[in-house]
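Provide a 3D model corresponding to the input given below.
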Amino acid sequence: MSKTRIAFIGAGNMAASLIGGLRAQGLDAAQIRASDPGADTRTRIQAEHGIEAFEDNAQAVEGADVIVLAVKPQVMKDVCAALKPNLKAGQLIVSIAAGITCASLQAWLGDVPLVRCMPNTPALLRQGVSGLYATAQVSAEQRQQAEQLLSAVGAALWLEQEQQLDAVTAVSGSGPAYFFLLIEAMTAAGEKLGLPREIASELTLQTALGAAHMAVASDVDAAELRRRVTSPAGTTEAAIKSFQGNGFEAIVEQALQAASKRSAELAEQLGK
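Got it, this is the predicted structure:
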């Protein structure tokens with residue numbers, strides 16, 4: 001990426017996170033541009049990262065090797081229609097907009113090299129994970145550029161089929177909210193068991209953080225980690241049996257199926 005010129009269309013939180021990650025990896029500010037209709041947003045992105053920011057998308061993409069579409073899905077069609085006359089052959093388009101398919105983007109932009117990505121909100125802390133899908137027009141070098149771009153804010157995983165992005169949305173795109181819900185529930189339960197709310201909250205948060213670190217660092221899967229901390233006839237086993245007796249696994253599967261289905265529905269709606 002040392003010589004790659006990158007333009008961001010949209011300079012909101014996710015774009016700012018990617019820009020910050022790239023700058024932290026050593027990419028020169030002169031190689032990054034952004035555009036955004038909001039004057040305050042442009043001022044902030046310039047002040048925080050030292051890059052040029054424009055109101056006009058055409059100015060931002062001039063001379064860019066990679067163009068990152070980081071606008072809301074609802075305005076993507078109009079943004080692409082205005083941007084299309086300013087694109088040059090060989091420029092890589094990277095979309096981080098949820099629910100907009102490659103077919104829709106290419107209908108609006110033309111037969112361009114395109115990588116569609118599904119990041120998640122922990123990317124704001126550079127602790128995210130993204131699923132990536134590339135069209136046939138994307139070269140090996142461009143795949144590497146896209147991977148390095150998303151790796152600036154966490155892990156980047158390639159998918160073989162675009163429809164798998166619906167599953168990625170269900171697992172990791174929406175996933176942080178599932179863990180927040182569990183944190184809410186555990187905190188409330190701890191409070192009902194007699195703990196002050198602040199202590200119940202801190203115990204839950206640190207337990208979630210520690211368990212995640214253990215799972216990431218471990219050379220065994222989550223099922224084995226669970227077995228190792230579940231003593232026969234102990235307190236953990238009592239809780240696990242309660243979870244499973246109430247259909248925990250089925251509830252999780254149904255929830256992710258619902259999220260994946262909704263992702264596909266939104267893609268159809270937004271692509272019209």
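
from what I see, residue 190 and residue 205 are in contact.
No. Between residue 190 and residue 205 there is no contact under C-beta atoms under 8 Å: 11.2 Å. Where you see a C-beta, it was placed from the backbone N, CA and C, and this is true even at glycine.

more neighbours: those two, which one.
A count of neighbours by other C-beta atoms under 10 Å puts residue 190 above the other of residue 190 and residue 205, at 18 against 13.

which residue sits closest to the more buried one, ignoring its sequence neighbours?
Distances taken as C-beta to C-beta, 6 or more residues apart in numbering put residue 200 closest to residue 190, at 3.2 Å, once the chain neighbours are dropped.

burial measure for the one you found, as a count.
Residue 200 has 19 neighbouring residues, counting by other C-beta under 10 Å.

so what pLDDT did it get?
Residue 200 is assigned a predicted lDDT (pLDDT) of 98.

tell me which element it is part of?
Element membership for residue 200, per DSSP states H and E: helix 197-217.

not counting its own residues, what contacts that helix?
With contact meaning C-beta atoms under 8 Å, 6 or more residues apart in numbering, helix 197-217 is reached by 179, 182-183, 186-191, 193, 195, 222, 225.

go again with 6 Å.
183, 186, 187, 190, 191, 222 (C-beta atoms under 6 Å, 6 or more residues apart in numbering).

what's the closest of those residues to residue 16?
Among those, residue 183 lies closest to residue 16 (C-beta to C-beta), at 25.5 Å.

and the helices in the stretch 51-200 of the chain?
Counting by DSSP state H, counting those that start in this stretch, the stretch 51-200 of the chain has helices at residues 57-61, 76-83, 102-109, 140-151, 164-168, 175-192, 197-217.

what would the ones you listed look like in TSV with distance to residue 237?
Below are the helices of the stretch 51-200 of the chain laid out as TSV (distance: least, C-beta to C-beta, whole Å):
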stretch	distance to residue 237
helix 57-61	57
helix 76-83	49
helix 102-109	47
helix 140-151	40
helix 164-168	31
helix 175-192	18
helix 197-217	17
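
return stretch 229-241 as CSV; C-alpha atoms alone will do.
The C-alpha coordinates for stretch 229-241 follow below in CSV (Å, rounded to 0.1, in the frame of the first residue of the first chain):
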residue,chain,number,x,y,z
VAL,A,229,-14.4,-24.7,32.8
THR,A,230,-17.5,-26.9,33.4
SER,A,231,-16.9,-29.1,36.4
PRO,A,232,-19.2,-32.1,36.8
ALA,A,233,-22.2,-31.2,39.1
GLY,A,234,-20.7,-27.7,39.6
THR,A,235,-22.1,-24.2,39.3
THR,A,236,-21.1,-23.7,35.6
GLU,A,237,-22.7,-27.0,34.6
ALA,A,238,-26.0,-25.9,36.3
ALA,A,239,-26.0,-22.7,34.3
ILE,A,240,-25.1,-24.4,31.0
LYS,A,241,-27.8,-27.1,31.5
